[in-house]
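> Could you work out the structure for the sequence below:
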Amino acid sequence: MSTKATQPEPVGAHADDAVVVPAGYKRTEVGVIPEAWEVLPISQVSQNIIDYRGRTPRKLGMDWGGGGIPALSARNVKMGYINFEDGTYFGSEALYKRWMTSGDAKKNDIVITTEAPLGNVALIPDNRKYILSQRTILLKINPERGISGYLFQVMMSQAFQNLLSANSTGSTATGIQRKRFEKLTVSLPPPPEQREIAGALSDVDELIGALDKLVAKKRAIKKAAMQQLLTGKTRLPGFEGGWETKSLGELCASITDGTHFTPRYVADGVPFYSVENVTGGNFNNPKFISVEEHSRLIKRCKPEKDNILLTRIGALGDTKLIDWDIDASIYVSLALLKMKGNVDARYLYCYTKSRQFVEDLEARSLVNASPKKINMGDIGSVPVPAPQVAEQRAIAAVLSDMDAEIAALERRRDKTKAIKQGMMQALLTGRIRLVKPGAKA
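Below is the predicted model:
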């Protein structure tokens, strides 16, 4: 059992007595805030808290009914938005009337997940009908006390998320009880300042959303370009003539795997890569082995610049191009591809990112193997379309430029997210004021 379940004390945050309180500010349970701001529990900020957790069509003696009214469950409520692509159920009008007996969801009401995951929060985007389903509750904010857009930003803040976590229970799936959730406190500026704060943060959210859409669009364009360029359906200017289809083994000078035994890890030393470093996007966080052990392992398999690492056990077909001078060792879960001189490493790497390559690799994997696995000899039999090396390089350059553009957009988006976090910390604590003290609505 979780220790949280036996320690119900937290509820509010505790002010740090060591923090100096500037003139015009006060110390509260949520920290140092302007004197004009209030601190209230969620129960007093809300006109209504609607909670249908545990309600199902079967418990109402009905079924979903094949209607068009979406059910909002924890799987649909993401951090900051609602997503209907993640397994949405739809109910009938009759089910809606039986289900939504305590009130309806309206535009700008707040919906928050209470378990699995805990704390995802979004605004209802429109006035269509919604069925409030599993592990979610809905807040209707009292307009005399709060602005929905402001409370939405507060609940997305790290401070509030920490408060949720401190008041959660459970060991495998943490959740929060309704009675404890209602007691959680929030700081409330006067309504004019709430509106200004909500507006400023919402503007940044719109920019982040626009960048997310642009990244998704560029990725879709690149995917289409890969399909055309890597199959020869579309040729770059200046290239003609037929392509060959060769096996991966014919294109590689060697295909080898890493060491078959688990080495002894050390705190600092030579990087040692395994499948999780390639699949998890954490290539910059490897384990380490000693220089002495590394010198023994590289006799079997020595990664070098312009080689490709390929996952072959547990996960199949994820790849990483080694495009830097490297001194490292690898585990048996990875295969190391060394190209021949007439093969461009970046082209082959681009092709390994295609759906066709992964499908061909999986088709050669061991049936019913757990975890998934492909033998070394079978890796070499995977077919690869192979134009002349000059065209390979040209295709790789086009796709690499697309990758660079996408990466630049992602960095810009991530920087904007970091800026927003700083804005939230400043605006939601009153450290920076957008409305002069005493301003009227």
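> Roughly how far does Arg355 sit from Leu361?
Distance of Arg355 to Leu361, computed by Cβ to Cβ, to the nearest Å: 11 Å. To be clear about C-beta, it is placed using only N, CA and C from the backbone, and glycine gets the same treatment.
> More neighbours: which of the two?
Higher neighbour count among Arg355 and Leu361: Leu361, with 21 against 11, using other Cβ atoms under 10 Å.
> three-state assignment of that one?
Under DSSP: H, G, I helix; E, B strand; the rest coil, the three-state class of Leu361 is helix.
> can I assume it is in contact with Asn375?
No. With contact defined as Cβ atoms under 8 Å, Leu361 and Asn375 do not form a contacting pair (11.4 Å).
> for the stretch 201-350 of the chain, what spans make up the strands?
With DSSP state E, counting those that start in this stretch as the criterion, the stretch 201-350 of the chain has strands at 244-247, 252-257, 265-266, 270-273, 287-289, 308-311, 319-321, 329-330, 334-339.
> got any ranges where the chain has weak pLDDT?
Applying pLDDT under 70 to the chain picks out residues 1-19, 438-441.
> Arg75: how many residues sit nearby?
Arg75 sits with 21 neighbouring residues when counted by other Cβ under 10 Å.
> Surely it is in a helix?
No. Read with three-state DSSP, Arg75 is coil and lies in no helix.
> Need phi/psi at it.
Dihedral angles of Arg75 (phi, psi; degrees, to the nearest 10) stand at phi -70, psi -20.
> mind checking the SS state of the residue lying closest to it once chain neighbours are set aside?
Residue nearest to Arg75 in three dimensions, not counting chain neighbours: Asp86, with 4.8 Å by Cβ to Cβ, 6 or more residues apart in numbering. Three-state call for Asp86 (three-state DSSP): coil.
> and Asp86, how far is that from Gly66?
Distance from Asp86 to Gly66, by Cβ to Cβ: 20 Å.
> These two: which has the busier surroundings?
Taking neighbours as other Cβ under 10 Å, Asp86 and Gly66 compare with Asp86 leading, 12 against 9.
> Gly380 and Leu310: what is the separation?
Per Cβ to Cβ, Gly380 is found 11 Å from Leu310.
> Pick out whichever of the two has more residues nearby.
Neighbour tally, Gly380 and Leu310, criterion other Cβ under 10 Å: the higher count belongs to Leu310, 27 against 18.
> give me every residue that touches that one.
278, 317-319, 334-337, 352, 379 (Cβ atoms under 8 Å, 6 or more residues apart in numbering).
> do Leu123 as well
107-111, 148-149, 152.
> One more: Gln228?
Thr234.
> Please report how far it lies from Val398.
Separation of Gln228 from Val398 (Cβ to Cβ) stands at 10 Å.
> After the strand ranked longest in the chain, heading C-terminal, what element do we hit next?
Longest strand in the chain, counting residues (DSSP state E): strand 65-72. Next in sequence after strand 65-72, counting helices and strands by DSSP states H and E, comes strand 77-78.
> So what are the sheet partners of that following strand and their directions?
In the sheet, strand 77-78 lines up against strand 81-82 (antiparallel) (DSSP bridges).
> ok now the partner strand, how far from the chain's centre?
14 Å (Cα atoms, centre = their mean, to the nearest Å).
> Name the surrounding residues that touch it.
Strand 81-82 is contacted from outside by 72, 76, 111, 122, 124-125, 209, using Cβ under 8 Å, 6+ apart.
> Please apply the same query to stretch 388-405.
The contact list for stretch 388-405 (Cβ under 8 Å, 6+ apart) reads 218, 221-222, 225-226, 229-230, 235-236, 238-239, 241, 342-344, 346-350, 386-387.
> just the buried members of those?
For these, a burial check counting by 16 or more other Cβ atoms under 10 Å picks out 218, 222, 225-226, 229-230, 235, 343-344, 346-350, 386-387.
> of the residues you listed, closest to Val21?
Val21 has its nearest neighbour among the buried ones among the contacts of stretch 388-405 in Lys218, at 48.1 Å by Cβ to Cβ.
> was I right about the closest one contacting Ala408?
No. Taking contacts as Cβ under 8 Å, Lys218 lies outside contact range of Ala408: 9.8 Å.
> how far away is Asn48 from Ser329?
Distance, Asn48 to Ser329, by Cβ to Cβ: 61 Å.
> More neighbours: these two, which one.
Shown here are Asn48 and Ser329; by other Cβ under 10 Å, Ser329 has more neighbours (25 against 12).
> ok, Trp324 - contacts?
Here Trp324 is in contact with Lys305 (Cβ under 8 Å, 6+ apart).
> my guess is the residue nearest to Arg75 meets Ala74, correct?
No. Assessed by Cβ under 8 Å, Asp86 is found out of contact with Ala74, at 9.8 Å.
> picking that back up, need the contacts of Leu310 in a markdown table (columns: distance to Gln177 and neighbour count).
Listed next are those as a markdown table, based on distance: Cβ to Cβ, whole Å; neighbours: other Cβ atoms under 10 Å:
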| residue | distance to Gln177 | neighbour count |
| --- | --- | --- |
| Val278 | 41 | 20 |
| Gly317 | 44 | 23 |
| Asp318 | 41 | 20 |
| Thr319 | 46 | 21 |
| Leu334 | 46 | 25 |
| Ala335 | 50 | 24 |
| Leu336 | 52 | 22 |
| Leu337 | 53 | 27 |
| Thr352 | 49 | 21 |
| Ile379 | 52 | 23 |
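> Closest one to Lys59 out of the residues you listed, please.
Asp318 (43.2 Å).
> what about the helices in the protein?
Here the chain has its helices, by DSSP state H, at 42-45, 93-99, 148-156, 158-166, 178-183, 191-229, 248-251, 275-279, 291-297, 345-352, 355-363, 376-379, 389-427.
> who's in contact with the first one?
This means helix 42-45. Here helix 42-45 makes contact (Cβ under 8 Å, 6+ apart) with 49, 139, 141-142, 145-146, 151, 181-186, 188.
> and if we set it to 7 Å?
Applying Cβ atoms under 7 Å, 6 or more residues apart in numbering, the external contacts of helix 42-45 come out as 141-142, 145-146, 151, 181-184, 186, 188.
> Off-centre distance for that helix?
With Cα atoms, centre = their mean, you get 31 Å for helix 42-45.
> Could I get the buried residue list for that helix?
42, 45.
> The fifth one too?
Within helix 178-183, the residues scored as buried using 16+ other Cβ under 10 Å are 181-182.
> do the same with the fourth one
Going by neighbour count (16+ other Cβ under 10 Å), the buried part of helix 158-166 is 159-161, 163-164, 166.
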